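Asker: Turn this into a structure:
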Amino acid sequence: MAEVSVTDTGVGIAAEDQDAVFEEFRQVGTADKKVEGTGLGLALSRKLIELHGGKIWVKSQVGQGSTFTFRCRCAVANELILIVEDHNSS
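Answerer: Okay, here's the model as predicted:
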């Protein structure tokens, strides 16, 4: 099994909306916080991960950011840890 997590420092997702972010054509939050997009990215990610026998989930707090994690079966030649930090300069 491989597990990958991606963490951001964005606006966060309310607990009651966390399952909904994986639904097709669904964006959560208030209208002024929604960004451009179709609402398909996380739904497609979930489907692809599930096709590989995996699972995806989110842990988030409003105002604190979110961590999206997925786990799936895959062949791994070597152990690799990648940490990417994205600091918004504005």
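Asker: can we go C-alpha only for contacts and neighbour counts from here?
Answerer: Fine.
Asker: Can you give me the neighbour number for Arg46?
Answerer: 19 (other CA atoms under 10 Å).
Asker: The one 3 residues further on now?
Answerer: By the other CA under 10 Å criterion, the neighbourhood of Ile49 contains 16 residues.
Asker: before we move on, what about the one 10 residues further on?
Answerer: Applying the criterion other CA under 10 Å, we find 15 residues in the vicinity of Lys59.
Asker: what's near enough to touch it?
Answerer: Contacts for Lys59 (CA atoms under 8 Å, 6 or more residues apart in numbering) come out as 18, 66-68.
Asker: In what element of secondary structure is the residue nearest the centre of the chain found?
Answerer: Of all residues in the chain, the one closest to the mean position by CA atoms, centre = their mean is Phe68, 3.5 Å from it. Using DSSP states H and E, Phe68 sits in strand 65-72.
Asker: List of residues touching that strand?
Answerer: Outside strand 65-72, the residues that reach it (CA under 8 Å, 6+ apart) are 1-13, 49-50, 52-60.
Asker: can we see that at 6 Å?
Answerer: 1-12, 53-60 (CA atoms under 6 Å, 6 or more residues apart in numbering).
Asker: for stretch 6-26, same thing?
Answerer: Contacts for stretch 6-26 (CA under 6 Å, 6+ apart): 38-40, 42-43, 60-68.
Asker: ok, back up a step: of the contacts of Lys59, buried ones?
Answerer: Among the contacts of Lys59, those buried by neighbour count (16 or more other CA atoms under 10 Å) are 18, 66-67.
Asker: is it possible to export the residues you listed to TSV including pLDDT and distance to Arg26?
Answerer: Formatted as TSV, the buried ones among the contacts of Lys59 follow (pLDDT from 0 to 100; distance: CA to CA, whole Å):
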residue	pLDDT	distance to Arg26
Gln18	90	11
Ser66	94	17
Thr67	95	18
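Asker: Now distance to Arg73 too, for those residues, in TSV please.
Answerer: As requested, the buried ones among the contacts of Lys59 are exported to TSV (distance: CA to CA, whole Å):
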residue	distance to Arg73
Gln18	24
Ser66	24
Thr67	20
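Asker: between the residues you listed, which is nearest Val28?
Answerer: Using CA to CA, Gln18 comes nearest to Val28 of these, at 8.5 Å.
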